[in-house]
Each structure stands twice: as structure tokens, then as C-alpha cells.
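> sequence and computational prediction follow.
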2 protein chains.
Amino acid sequence: MSNEKIRVLLVDDHKLIRDGIEAMLLNTKDIEIIASVSSGEEAINEVRQNKPDVILMDIMMGGMTGVEATRWVKEFDPAVKVVLVTMEISKEYVSAGIKSGVDGYLPKDIDKDTLIDAVRTVQGGGRFFNDAIMKLVFEDFYSHEKLKSSDKKLPNDLTKREHEILNLVASGKSNKELAESLFISIKTVETHKTNILEKLGLKNTTELVRYAIKNNIISIDSL
Amino acid sequence: MSNEKIRVLLVDDHKLIRDGIEAMLLNTKDIEIIASVSSGEEAINEVRQNKPDVILMDIMMGGMTGVEATRWVKEFDPAVKVVLVTMEISKEYVSAGIKSGVDGYLPKDIDKDTLIDAVRTVQGGGRFFNDAIMKLVFEDFYSHEKLKSSDKKLPNDLTKREHEILNLVASGKSNKELAESLFISIKTVETHKTNILEKLGLKNTTELVRYAIKNNIISIDSL
DNA sequence: AAATTTCTCAGGGTTTACCCCGACTCGTCA
DNA sequence: TGACGAGTCGGGGTAAACCCTGAGAAATTT
């Protein structure tokens, strides 16, 4: 298909790691390491001068972090693929990495085949996240969803009408707008809101909005 | 260690599926199928009478769904482990399943070893979700996080002080509380808020809170 | 050094939110 | 049938939020 090799740039402030990765990729016919640098700043320079296809970058480095460098690279040219390499995986890093547009995420203790697989996958436009990372995200999702359900069991003495009011309040309507859209007087709206606040132990509309979002009475996406 | 077999209950309205699963588990020494029923209602009955250790249940059934049945079972006795089995995986089902307290989730095209592994895992108190499900959740997470980052690029002309105010407003503080915690006058707070509202095109504190949550200026978890 | 922005605050006003009370209607349930 | 909860309003009030204008002090930029 193509005789072009995948041009890889290595970025890590530990030479040992760079050499290790380089050794792993050395005898792979379709992969070529064009440079090996030790900082995000150098990496940016390298990207500007001779554009690599894939960057394997450490996430923790002195100076600019891998995430920041990724952001820069992706702004400069989104076609350059970036795979972050990390000692330990944490939800914050994964999240930050994804936000910066990273294409893959690997732990440092990967084996040769996985590494090569990752490089080829991102080069082909795919994403490569290893199982541990997907599991991490899932665990987080799992605990969140479970919390939601247990939260929801707190007795909610609100009447139908009060729920209706709460929904509209949470969607940003003022008392007047509420009265108009429900064809009732402002006085009635005030009565309902007072009752709601009392029942939920809140003190004003602001807290009501926060309560509604926290308890998924209105979805975050609808904001 | 234990001579007790894992007592399994099968629930699926297709006898074919039940028989298939039964066949898979037949020659496993530590697993015993105590009953095989075709509806959620029967399953509940079975749980009441001779408590199984693990339930393998179809998620889509005539009458009560697997999710509803799970909810009932978990309320009756959380020690009974439930694994949902499904034709196709969708985020909604996974989410609903987790909320109802399910311990595992399997596609119908699993092989024998995976099935046995799942039963043993949940019996031992673990959770069993196959890779496809974790990947599904991850994909969802991925697209959400990417969206967030692109959203964030909308220019934000707020000054440092205004950001500070916005944060506190979003955390539920009134003008007076704000003034006190920043050691400035209420008038100053009002001025800042007015400027913020004007810059963001909003009209009151309620909308400000919604804006802050939507744009991740404060995290949902902190609510 | 001058211009601009940011942060601070005030007077004085309008509007909205919140509070406490009472009261009428309409269902439901005992 | 009579008590009760839910929903509907009003009066009359205080407090909070919001608006407009102006303006001095400090920091930042030019």
C-alpha cells in the first residue's frame, strides 16, 4: 500500500525511557524515529520544522507538560497524532488529555506489540486507549451512577404542581415568567416556591437551581 | 475452600436462550442451576422462596423488564447478585442497569468461559462488565470531554476579580455573603455582578449559576 | 508620563424575591 | 359529611437584587 514509514517523534525528559521506546520500535519496518527530545518546548520546535506523523510524549515533564504541548501541537496541526505516555493513570490526566485532543494514552510498562499497535492505530486515524484507562473511566461512571440512584431515594414530598414549578425555576424562569407560562398569578407562584424551599430546606432560587441540577431534576445537557 | 455450589437462577422469556446458558454451565462443578423461569414475576417468586446466589437475567422481557426485576431483587436482598444479559448494549441500558444495582452485564454472544468467569466474579463480590461495555462508556466520556474543550474556547472577557465573583455566586452565595467574604462593599459586588451579567449576556443570578455549571466553572460534584 | 482598564464605592431609584397571614375552591378519603 | 391536602389568590410588608449614574484609587499598558 504505502512505502512511507510512520515518522515518530519521542518526547520524554528521561533519556532511558526514550531509548527504551526507541529500541522497541527499532526493527519495525513501517516505523521510523525522526527525533528524540527531552522537553515540550523542543517537541514544538520539532513539529514546526519537520512534521512528524505521531508523537509519543511523556505526560509529566519538567517545564511544559505533555498536555500543554499536546494542546499546542493540535492547534498547530490536528493531523499530527499524539499519544501520551504515563507512569500512572489518573482520571484527571485522562480527562485533561482528551480535552487537549490526544489520540492515545499508554502506561509506561507496555510491551512492544502494544506500542507498535498504538502507533499504527493512531496513524490510521483511530484512537488508542488501553484497557486500564477504559476501566478507570468506567469505574468512575459506575460510582457516579450508583450515587445518583441512592440519592434519588431521599423522600421527595413535592406535589405534582410543585415539581412542575421546580422544573421551570431550574430552567431559569423568573416568578413573572412562571406565572405567565402557567396562567396563574404571581402570588400563586410565590406560594408554591415558598413551599418548595421549605420542603427542601433551601433558602432562595439560586439554591433551588443548584439543587435541581445536582439531583438531576433537569439535565446538565439542557443548560 | 467451599463445597457449596453457586446457586444460579436463569431468567429469560426465550427457552432457547435459557437452555443454551444451562448447557454452558452444566459441567461446571461449582455452579448449579436451581431454576429456569421465563419472566421477571416468576424470578421474584423464586428469589422469595429459595434464594439463589446469582441471577442471570435477560434485560428485555415481556411484562416486567430485567431492570425492574433487578431493582426489586436488590431491595429484597442486596446479597443476591444479578447479571443482566442483553442482545445489544446501549448506554441507556447500562446506565439503567447500574442504577438498579446490577453486578454484571453481558452480551448474549459470550463464550462459555466468560460466562463462568462472570458468575464466579459476581459471586465473589466483584463486578463483571465486558470490554464492549466499558468501551461504550469510554466512548461516551471521550465525546463529552472533547465537546467540553471546544466549548471552552468561547472568548471569556471576564477579569480576575469577576471570575472570582462568578465562582462564589455559582457556589450559592448572596451579594451580602459575597461582600463579607471578600471584604468589599455590597455596592462593589453589585457592580461586578452587573458587569458580569452584561459581558455574558445574562440577566440574573439564576442564569449565572446555570452558566457557571454549564461551562464547568464549578464542578457538578461540588454542588 | 499618559491613557486605559480594573477595582472600588455611593446615592437613589425600580423591580423582584421572599415572608406571614388569611381565605376560597375542589377533589379525595374516611 | 366533614376533615384534609392541593391548588389557587390577595394584602401588606421587608429584604434582596438589579439599574443608572458618577467617581476616585490603583494597577497595567502604551
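Yep, it's here. Residues are numbered from 1 along each chain as shown, chains lettered A, B, ... in the order given.
> C-alpha only now, for contacts and for neighbours.
Noted.
> between the strand or helix carrying A:Arg210 and helix B:205-214, how big is the angle?
Assigned by DSSP states H and E, A:Arg210 belongs to helix A:205-214. Taking axes from the mean of the first three to the mean of the last three C-alpha atoms, to 10 degrees, one finds helix A:205-214 and helix B:205-214 inclined to each other by 30 degrees.
> buried set for stretch A:94-111?
Using 16 or more other C-alpha atoms under 10 Å in any protein chain shown as the test for burial, stretch A:94-111 gives A:94-108.
> does that stretch come close to chain B?
Yes. Contact of stretch A:94-111 with chain B (C-alpha under 8 Å from any C-alpha of the partner chain) involves A:Ser95, A:Ile98, A:Lys99, A:Ser100, A:Gly101.
> now, which of the residues you listed lie within helices?
The helices, defined by DSSP state H, take in A:Ser95, A:Ile98, A:Lys99 from the residues of stretch A:94-111 next to chain B.
> on the pLDDT front, check the last one for me.
pLDDT recorded at A:Lys99 is 79.
> looks like it contacts B:Ser143 (just checking).
No. Counting by C-alpha atoms under 8 Å, A:Lys99 does not reach B:Ser143; the two are 9.5 Å apart.
> other residues contacting the helix or strand of chain A with the lowest mean pLDDT?
Least confident helix or strand, chain A: helix A:131-151 with a mean of 74, by mean pLDDT, DSSP states H and E. Helix A:131-151 is contacted from outside by A:89-91, A:94, A:105, A:215, B:95, B:98-101, B:131, B:134-135, B:137-138, B:141, using C-alpha atoms under 8 Å, 6 or more residues apart in numbering or on different chains.
> how far does stretch A:199-206 sit from the chain's center?
Relative to the centre of its chain, stretch A:199-206 is centred 32 Å away, using C-alpha atoms, centre = their mean, to the nearest Å.
> one more: stretch A:33-45?
The chain centre lies 25 Å from the centre of stretch A:33-45; the measure is C-alpha atoms, centre = their mean.
> so A:Asp13 touches A:Ser38, yeah?
Yes. Judged on C-alpha under 8 Å, A:Asp13 makes contact with A:Ser38 at a distance of 4.2 Å.
> run a quick neighbour tally on A:Gly172.
Residues near A:Gly172, counting by other C-alpha atoms under 10 Å in any protein chain shown, number 22.
> apart from its neighbours in sequence, what residue is nearest A:Thr70?
Distances taken as C-alpha to C-alpha, 6 or more residues apart in numbering or on different chains place A:Ser100 nearest to A:Thr70, at 6.2 Å, with adjacent residues excluded.
> doesn't A:Asp157 belong to a helix?
No. Counting by DSSP: H, G, I helix; E, B strand; the rest coil, A:Asp157 falls outside a helix, being coil.
> and it, what pLDDT?
If you check A:Asp157, the pLDDT there is 73.
> swap in the one 3 residues further on?
At A:Lys160, the pLDDT value in this model is 85.
> hmm, back to that, show me which of the contacts of helix A:131-151 neighbour DNA strand C.
Contacts with DNA strand C within those, as defined by C-alpha under 7 Å from any atom of the strand: none are present.
> which positions in chain A make contact with chain B?
Neighbours of chain B within chain A, by C-alpha under 8 Å from any C-alpha: A:95, A:98-101, A:131, A:134-135, A:137-138, A:141-142, A:145-146, A:148-149, A:172, A:205-207, A:209-211, A:214, A:220-221, A:223.
> any of the residues you listed buried? List them.
Among those, those classed as buried by neighbour count (16+ other C-alpha under 10 Å) are A:95, A:98-101, A:134-135, A:137-138, A:141-142, A:145-146, A:148-149, A:172, A:205-207, A:209-211, A:214.
> dump the residue contacts of A:Pro178.
Careful, residue A:178 is Leu and not Pro. Going by C-alpha under 8 Å, 6+ apart, A:Leu178 touches A:Ile165, A:Leu168, A:Val169, A:Ile186, A:Val189.
> sweet, I'm off.
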